[in-house]
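Asks: Have a look; sequence and predicted model below, questions after that.
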Number of protein chains: 2
Amino acid sequence: MYERKTPLTIDCGLHLTKEVLNGKWKPAILRAISMDVKRPSEILRLFPGATRRVLNVQLKELEGHGMIEKKTYPQLPPKVEYSLTEIGCSLMPIIDAMNQWGDANRSFLESVIKQAPKISETSKSTCQIYRHMMVTRKIG
Amino acid sequence: MYERKTPLTIDCGLHLTKEVLNGKWKPAILRAISMDVKRPSEILRLFPGATRRVLNVQLKELEGHGMIEKKTYPQLPPKVEYSLTEIGCSLMPIIDAMNQWGDANRSFLESVIKQAPKISETSKSTCQIYRHMMVTRKIG
DNA sequence: TGCCATAGGGATAAATTTATCCCATTAAGG
DNA sequence: CCTTAATGGGATAAATTTATCCCTATGGCA
């Protein structure tokens, strides 16, 4: 496992929170779990753009940070289910707010993000969370 | 300037928001500006842990993303003031919530973050935002 | 037997972000 | 003349995160 070489900045709440959510898929993973997508294979299917490896790593970090709990069923083939811990649950308002803000400002954000010279292309359909929500009728 | 090689994931609001806040100091910078710390040199003093270079880069990205506006006074030595745009302002509830969540759970988070094998050390006093708030009597 | 699904993780390469260092401009002050 | 204060940014190194590829284990199914 990677060992950090420079000290982490944790002196304001912002940085602590940022550290917990630091990872390309972490907020999305938390959101998925909060919507009852519990098994690793399900989560993986929800994010076709993510590698199995990365999801495993980020799940492990979220678990290590106490945001989610892992329940392993003694079966073969193995079955694992994740759930939010209490503190993980308390993050959801923030994650939902982030999601809503992004959606509410989508057209503007897409344009400025594409304008920014740093970004060349963007990809869609790597995150199936909306499809999932519609299938499970959590949104209409 | 760096040119992205892989497409950016922007299909859910979460990723859009994450992109805007993506940068070690961006949320802190936005918060500083929202608290009337407008000039680059002031912001720099507020975050002793940050390099001038990085702050410049992140300020430029925030500006490019339309979150802040830059006003350059035609003086010498130069004077610059940043302010939040309307959309940048609309991000503040999220940033404040992140800050509050981190502070509210500080002791827990510090322990789990230090436990995580990935992190070796942590540093304090690289972010002077609380000091600033006390000096300006916004908190007591 | 060969292949699929499930879950986990090592080793290494590639991409991305941050850090370091250095240069430029102009006015004021010692 | 030298230093400081302000602001901005290039070039390059270092750190960190993500992607690729591969290996393990077991039971069921054609």
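Replies: Alright, I've got the coordinates.

Asks: shouldn't A:Asp103 be in contact with B:Asp11?
Replies: No - look at A:Asp103 against B:Asp11 with C-beta atoms under 8 Å: they stay out of range, at 10.5 Å. C-beta coordinates here come from the backbone N, C-alpha and C atoms, glycine included.

Asks: These two: who's more crowded?
Replies: Neighbours of A:Asp103 and B:Asp11, each counted by other C-beta atoms under 10 Å in any protein chain shown, are more numerous for B:Asp11; the result is 19 against 15.

Asks: ok so the more buried one is a helix residue?
Replies: No - using DSSP: H, G, I helix; E, B strand; the rest coil, the assignment for B:Asp11 is coil, not a helix.

Asks: Got the confidence number for it?
Replies: Taken from the predicted model, the pLDDT recorded for B:Asp11 is 84.

Asks: residues from chain A in reach of DNA strand D?
Replies: Along chain A, the residues adjacent to DNA strand D under the rule C-beta under 7 Å from any atom of the strand are A:2, A:4-6, A:22-24, A:49-54, A:57-58, A:76-78.

Asks: try 10 Å this time
Replies: Taking C-beta under 10 Å from any atom of the strand as the measure of proximity, chain A contacts DNA strand D at A:1-8, A:19, A:22-26, A:47, A:49-58, A:61, A:75-78, A:126.

Asks: Now the buried members of these.
Replies: Using 16 or more other C-beta atoms under 10 Å in any protein chain shown as the burial test, the residues of chain A next to DNA strand D include A:8, A:19, A:22-26, A:47, A:49-50, A:55, A:58, A:61, A:126 as buried.

Asks: could you pull out the helices for chain A?
Replies: Applying DSSP state H to chain A gives helices spanning A:13-20, A:26-34, A:40-46, A:52-64, A:86-89, A:92-104, A:106-115, A:129-135.

Asks: Now tabulate those in TSV and tack on distance to B:Ser83.
Replies: As requested, the helices of chain A are exported to TSV (distance: least, C-beta to C-beta, whole Å):
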stretch	distance to B:Ser83
helix A:13-20	20
helix A:26-34	28
helix A:40-46	39
helix A:52-64	36
helix A:86-89	35
helix A:92-104	19
helix A:106-115	17
helix A:129-135	34
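
Asks: So for B:Thr85, which of those sits nearest?
Replies: The stretch from the helices of chain A with the least distance to B:Thr85 (C-beta to C-beta) is helix A:106-115; that distance is 10.4 Å.

Asks: Could you see whether DNA strand C lies near the closest one?
Replies: No - counting by C-beta under 10 Å from any atom of the strand, no contacts exist between helix A:106-115 and DNA strand C, the nearest distance being 11.2 Å.
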